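J.: here you go, sequence then predicted model.
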Amino acid sequence: MSKNRRLKRISFLSLALILFLVPGLLTANETPEEGTVEEKLVYKFNMKDDIMPGMWRQTQQSFQEAVELNADHIIIHMNTYGGMVQVADSIRTRIMNSRIPVTVFVDNNAISAGALIAIAAGEIYMRPGGSMGAATVVDASGAEAPDKHQSFMRAVMRTTAESHGRDTIITDNDTTLKWRRDPAIAEAMVDPRLEIPGIVEAGQVLTFSAEEAMENNYSEGLAGSVEEVLLKSGIENYEIVEYQPTGLERFIGFLISPIVQGVLIMIIIGGLYFELQTPGIGFPAGAAIAAAILYFAPLYIEGIAQNWEIVIFVAGIILLAVEIFAIPGFGVAGIAGLVMMVTGLSLSMVDSVVFEFEGAGARAVVRAIFLVVFSSFIALSFSIYMSRRLLTTSLFSHLVLDSKQEKEEGYIGVDYHYRDIVGSTGKAYTSLRPSGKVEVEGELYDAKSLVGFIEKGEEVKVINFETGQIYVVKDEE
C-alpha cells in the first residue's frame, strides 16, 4: 500500500471519529435551560392533632404512600401540643429510618411529644412566633410523671439529637466536636434540673421560640408557608402530593370523641332497658347492638380496646340476661353482669399503655367509669320517663292492656291450688334446664329446678310455690 493511500485512510478514520465524538461533547457541555430542572415530588403530611394512636396509623400510611409514589421529599406540617409518648417514639423512629429525606415545618407549636418528632427530622423550619420544647412527661391528669418515665424521655430526646451527628472543627492545634443538634439542649426540654449557660437556667423546662431555635441550631430557618420551606431547602421545581385521611379515618375520629361515646353508651343502656320491657327481639335491641359496634369498633381499630375488654362487656350482658330470664329475683348474676358491663365499657376507652405510668392508669379508669356511669344514669332516667310518656299517648296507648280484670268477675291472677302440691313428689316429664314440665299426682305442671338441671324421668319433689311458679329439686329419697 502506498504512503499516500495510507495517509488518506488515516485521515478518513480521524474525521469519522471526530464527527462521532463532537456531538456528544457538545451535548455534555450544554447548560440546561432554565425551567428544564427535573421536577421533584414532595409528599406532605399534616400533623395538626394530638399525638394519639390514630396519628401513628396515619403516619405509617403516609410514609408507605410516599414510598410507593417514589417521592423525593417528605414534609410534615406540624402544629401540636403533644400527646402519648409511646406513639411519638414510634413516629420518630419511623422518621429516623426513612430513606426519603424528612423536613418538619413547625407551624406555631411543636410541644412535648411534638418536639420529639420534630427533632427526629433532618431539617426543621419554624413559623415566626412558633415554639418548640416543654417535653416533660405528664400523666393523664397533667401532673408530672415519676422520674423513671422522665429518665426514659430524657434518653430518647438525647439520642434523637445525637443521631444527627457532629462535626470535627480544627482550630490551630485544637480539635472541637460540635453536635449538629446539641443533646444537652434536647435533654433540657425534659429535665428542669439541667442548666445550660446562656440558654436555660436550672428549675425551668426549656422551650425555644422560633428565633431561639434557629440561633441554637434546632431550626434551619424561619418560614411562613410550606412553599417557603421548600424554597429555602433548595427545592424549586416540585409537585406536592398531600396525604388525605379517608372518610373512615374522619369517621373514627368522630366516634371516639367523649361526647359521641357518651351518646353511644346511652343508646346501649337505653336500648337494653326498652328491650327488657318488651317481648322478643325488636328495634331497641337492634339499636343497642348497633351502638355497641360503633362504640367498640373504632376503639379496637385504634388499638385502645383489647379483645378481653370486649369479652367482659359481652359476658356482662349474658349474665344480666340469665338473671332476668332464668333466675328468679335479682342476685349475684345480675350484679356481676352490671359490674362487668360497666368494666368493659370503661376499660375499652383507656389505652393499656397508661398503666405503665404510676397513678395515670387509675385516674384514667376513674374518669372512664364516671363517663360510663353518668351516661348510663342519664339513659335509664330518660328511658323510664319516655316509656311512661310514650305508653300514655294516644299513638302508643294501644300497646298497653289498660282494661281491668276484677276479682268479682272471676279473674284470678294466680291459681292458688298449686300450693296444695308443695311437698308432693313426682317425676320430670321433660328435662328441666332449669325450666320444664313435671308430672305430679297425674297432672302436668310448669316447673323450675331450684338446684342444677334435672333430666327427664328423674324423681322430683315440689318444695316451693312462689309468684305463680313451682320450684322442684331432685328427690333423693
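T.: Received it, and whenever you're ready, just let me know what you need.
J.: who are the contact partners of Asp89?
T.: 116, 156 (CB atoms under 8 Å, 6 or more residues apart in numbering). The C-beta positions use only the backbone N, C-alpha and C, and glycine is treated the same way.
J.: try it again at 6 Å.
T.: For Asp89, no residue meets the contact criterion (CB atoms under 6 Å, 6 or more residues apart in numbering).
J.: next helix or strand past the helix or strand hosting it?
T.: Taking DSSP states H and E as the criterion, Asp89 maps to helix 85-96. Per DSSP H and E, the first helix or strand lying C-terminal to helix 85-96 is strand 102-111.
J.: that following strand packs against which elements?
T.: For strand 102-111, the packing partners by 3 or more CB pairs under 6 Å, 6 or more residues apart in numbering; DSSP states H and E come out as strand 73-80, helix 113-120, strand 123-126, strand 131-133.
J.: by contact count, what packs against the last one?
T.: Translated: strand 131-133. The contact analysis (3+ CB pairs under 6 Å, 6+ apart) places strand 131-133 against strand 102-111, strand 207-209.
J.: now the second one
T.: Identification of packing neighbours for helix 113-120 by 3+ CB pairs under 6 Å, 6+ apart yields helix 85-96, strand 102-111, helix 147-162.
J.: for Ala285, which of these is the nearest?
T.: helix 85-96 (36.9 Å; CB to CB).
J.: can you point out the buried residues in that closest one?
T.: Neighbour counts over helix 85-96 (16 or more other CB atoms under 10 Å) mark 85-92, 94-96 as buried.
J.: what is the rounded mean pLDDT of that helix?
T.: Confidence over helix 85-96 (mean pLDDT, whole number) is 90.
J.: gap between it and the chain center?
T.: 16 Å (CA atoms, centre = their mean, to the nearest Å).
J.: Thr136: what's it in contact with?
T.: Taking CB under 6 Å, 6+ apart, one finds 190, 205 in contact with Thr136.
J.: that one and Val226, how far apart?
T.: The gap separating Thr136 from Val226 is 30 Å, by CB to CB, to the nearest Å.
J.: likewise for Ala368?
T.: Taking CB to CB, one finds Ala368 at 38 Å from Val226.
J.: go on, Phe377?
T.: Separation of Phe377 from Val226 (CB to CB) stands at 48 Å.
J.: compare these two (neighbour count), which wins?
T.: Shown here are Phe377 and Val226; by other CB atoms under 10 Å, Val226 has more neighbours (18 against 12).
J.: got the contact list for that one?
T.: Counting by CB under 6 Å, 6+ apart, Val226 touches Phe105.
J.: let me see the ranges of the helices in the chain.
T.: Secondary structure of the chain (DSSP state H): helices located at 3-29, 53-68, 85-96, 113-120, 147-162, 183-188, 210-215, 226-232, 247-255, 258-277, 283-301, 307-325, 332-348, 360-391.
J.: of all these, which one comes closest to Tyr238?
T.: That would be helix 226-232 among the helices of the chain, by CB to CB, at 6.0 Å.
J.: before we move on, back to that, export the helices and strands packed on helix 113-120 as TSV, with columns for distance to Pro258.
T.: Below are the helices and strands packed on helix 113-120 laid out as TSV (distance: least, CB to CB, whole Å):
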stretch	distance to Pro258
helix 85-96	19
strand 102-111	22
helix 147-162	25
